[in-house]
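> A structural model of the following input is requested.
(chains A and B)
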Amino acid sequence: MAQLEPGASADVLTVAGLHKSYAGREVVADVSFTLPRGECYGLLGPNGAGKTTTLRCCLGLTDPDSGDIRMAGEPIPARAREARMKVGVVPQFDNLDPDFTVAENLRVFGRYFGLADATTRRRIPELLEFAGLAGKEKARLPTLSGGMKRRLTLARALVNDPDLLLLDEPTTGLDPQARHLIWERLKRLLQQGKTILLTTHFMDEAERLCDRLAILDQGRIVAEGEPRRLIAAHIEPQVIEVYGEDAPAWAESGARRYVNRIEVSGETAFCYAEAEQVAPLLAHLAEHPELRTLHRPANLEDVFLKLTGRELRD
Amino acid sequence: MNKFLAPPRFSLRAIAVWRRNFLVWRKLAIPSVLGNLADPMIYLFGLGYGLGSLLPRVNGVSYIVFLASGTVCASTMNAASFEALYSAFSRMHVQKTWEAILNAPVALDDVLAGEWLWTASKATLSGLAILVVIAALGFVASPLALWAIPVIFLTGLCFAALGLIVTALAPSYDFFMYYFTLFVTPMVLLCGVFFPVEQLPATLQAIAAMLPLAHAVRLVRPLLLGELPDHAGMHLAALLATALVAYWLALVLTRRRLLR
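Have a look, this model is predicted:
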């Protein structure tokens, strides 16, 4: 197990050999990763993979069974409270104060960091500008849309000007416009030198934002690296999806000689192909007009499904 | 498991939690005070004048004067119980306000201490509002009644802590019904709010002597009648001990619930 030396590294967050069990079930099983300053790191995994528990351990809200965590230069959980001074959190479910206006939410949250009201008040216009909520100081919470609440939660996480942001599924439940706006803001924060740890099960989100990511399954990291490299390392570069009620039968009747791997899910056959295998397969498919086809480059979702399987995890 | 049993840690960060609740309350202060005042005043006037007209003097005073001091204590208990059960549960479980605070550099011990002090403060306001009204009506004998204020605060701390135990264990709002029907209501009837404890059979008197509301009534009633309470030290110690032990238990249970 890695031994962490106090103050030795420029890493904003280091997790080494993390284990956590609930009622005999190991929810986090030997998770290790490191976030250098300015990087965006993603924890991807199906529901129950251990993403949220890992975040809770980092924040010192639950004690790991074993493992070392150092966040913002402080050992966790021993000095978790001090570490949280330099961290901002966007939780999975909104927990804004429904009784307060937008500005009151920020001001009251600033007090939890020991910020004087005057200090927070000066920062509020800038924070709301950033969150696309300029001029909404006096708006009451029930009048905000889901996307606006999410952006206010992001603004609230920035109230203490943190070095590190922990985002737990930051765009779950948002419409595409709202998601793109959040992504754009997170990129801006990275340009400003903030470090981001995010959990998600949206592959496009991870691919867009993360410098590096880890795929978690049943508490273990099953793959880690840059998104492009993970795709190159774990999966064929091209995917041809074949749809139709005849697709499963077609996949079983000799289609496998064209490509390395075919996965059938419902009425879709996913054909994973090397570059030179694409043309012969498409030519073959042209003789089957009853099947619809989609040819695309492999993406992170293909890697994810290959590594974590297609069965439901709820 | 062991670390959940650690003694409570107090820090000034609890003040930020207290202020959060105060800011919410301030937005609804007038309806809240009037609402808390209406129910006990209706009981006080209805029973005090209606039932009181049938009764001889109780403990040497008219029934409404007797009832007034009991009402101060019962209202303090009710206000603390409602806040520590429904409102705190809503902040802990429904709105997830505590979860948000715990992501900031505030520990759960600070959150619970803030909630405890806030609940006692709000209960004190309720008790105080009634005290002001009955003083204006001339039901209070002397300035000795001012000593009732710290007793009211202590009573608030006591029932705030007991309520927070129930909140830490509650799966949903429905659970609170048990606490009210099995604990709060019997206490109102046994502890000398409506009639002197001495009217009860010996067994019930023995039970009543152990209940926290009885200690509050034994302190507040003489103070409002212009007398020094008997065994004041013992009653104060009983209230304080209940408050501290119950708070520690509430904290242990809340840590176990939220920091797993």
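
> From now on I want contacts and neighbour counts done on CA atoms only, so please keep to that.
OK.

> Now the stretch 51-200 of chain B against chain A: closest residue?
residue B:105 (4.7 Å; C-alpha to the nearest C-alpha).

> Quick one: residues contacting residue B:83.
Residues near residue B:83 by C-alpha atoms under 8 Å, 6 or more residues apart in numbering or on different chains: B:119, B:160.

> Repeat that for the one 5 residues further on.
Taking C-alpha under 8 Å, 6+ apart as the contact definition, residue B:88 lies against B:115, B:164, B:167.

> With neighbour count, distance to residue B:200 and secondary structure added, can I get these in TSV?
Putting the contacts of residue B:88 into TSV (neighbours: other C-alpha atoms under 10 Å in any protein chain shown; distance: C-alpha to C-alpha, whole Å; DSSP: H, G, I helix; E, B strand; the rest coil) gives the following:
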residue	neighbour count	distance to residue B:200	secondary structure
B:115	27	36	helix
B:164	30	30	helix
B:167	26	32	helix
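
> ok, which residues in chain B are in contact with chain A?
B:13, B:16-17, B:20, B:24, B:95-97, B:99-107, B:259-260 (C-alpha under 8 Å from any C-alpha of the partner chain).

> From those, list the buried ones, please.
Taking 16 or more other C-alpha atoms under 10 Å in any protein chain shown as the criterion, what is buried in those is B:13, B:16-17, B:20, B:95-97, B:99-107.

> out of the residues you listed, what pair is the most spread apart?
B:13 and B:95 (20.7 Å; C-alpha to C-alpha).

> follow-up on the earlier one: looking at the residues of chain B next to chain A, which are in helices?
Within the residues of chain B next to chain A, residues falling in helices by DSSP state H are B:16, B:17, B:20, B:24, B:97, B:99, B:100, B:101, B:102.

> residues touching residue B:142, list them.
B:224, B:225, B:226.

> Give me the neighbour count for the last one.
For residue B:226, the neighbour count with other C-alpha atoms under 10 Å in any protein chain shown is 14.

> I'd like the distance between it and chain A.
When C-alpha to the nearest C-alpha, to the nearest Å is the yardstick, residue B:226 and chain A sit 43 Å from each other.

> which residues in the stretch 151-300 of chain A form helices?
Counting by DSSP state H, counting those that start in this stretch, the segments of the stretch 151-300 of chain A that form helices are A:176-191, A:203-209, A:227-234, A:247-252, A:275-286, A:300-308.

> Ok, which of those helices comes nearest chain B?
Among the helices of the stretch 151-300 of chain A, helix A:176-191 sits nearest to chain B (C-alpha to the nearest C-alpha), with 19.3 Å.

> residues making contact with the closest one?
By C-alpha under 8 Å, 6+ apart, helix A:176-191 touches A:38, A:39, A:40, A:130, A:131, A:147, A:151, A:171, A:196, A:205, A:209.

> Same list, those residues, but as a markdown table with neighbour count please.
Output for those, formatted as a markdown table (neighbours: other C-alpha atoms under 10 Å in any protein chain shown):
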| residue | neighbour count |
| --- | --- |
| A:38 | 19 |
| A:39 | 22 |
| A:40 | 23 |
| A:130 | 18 |
| A:131 | 21 |
| A:147 | 19 |
| A:151 | 25 |
| A:171 | 23 |
| A:196 | 30 |
| A:205 | 19 |
| A:209 | 22 |
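
> Can you list which of those are found in strands?
A:40, A:196 (DSSP state E).

> Now tabulate the contacts of helix A:176-191 in JSON lines and tack on pLDDT.
Formatted as JSON lines, the contacts of helix A:176-191 follow (pLDDT from 0 to 100):
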{"residue": "A:38", "pLDDT": "95"}
{"residue": "A:39", "pLDDT": "96"}
{"residue": "A:40", "pLDDT": "97"}
{"residue": "A:130", "pLDDT": "95"}
{"residue": "A:131", "pLDDT": "95"}
{"residue": "A:147", "pLDDT": "92"}
{"residue": "A:151", "pLDDT": "95"}
{"residue": "A:171", "pLDDT": "91"}
{"residue": "A:196", "pLDDT": "98"}
{"residue": "A:205", "pLDDT": "91"}
{"residue": "A:209", "pLDDT": "95"}
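
> which one of the contacts of helix A:176-191 is nearest residue B:84?
Nearest to residue B:84 among the contacts of helix A:176-191, with distances taken as C-alpha to C-alpha, is residue A:151, at 31.5 Å.

> Grab the nearest non-local neighbour of the closest one.
Closest residue to residue A:151 apart from its sequence neighbours, by C-alpha to C-alpha, 6 or more residues apart in numbering or on different chains: residue A:131 at 5.2 Å.

> Any figure for the gap between the one you found and chain B?
19 Å.

> wait, what's in contact with that residue?
Residue A:131 touches A:151, A:152, A:154, A:155, A:185, counting by C-alpha under 8 Å, 6+ apart.

> Backbone dihedrals for the closest residue in space to the third one that isn't next to it in sequence, both of them.
Leaving aside its chain neighbours, residue A:154 sits nearest to residue A:90 (6.0 Å; criterion: C-alpha to C-alpha, 6+ apart). Dihedral angles phi and psi of residue A:90 (degrees, to the nearest 10) take the values phi -110, psi 110.

> Give me the pLDDT value at residue A:90.
Looking at residue A:90, its pLDDT is 97.
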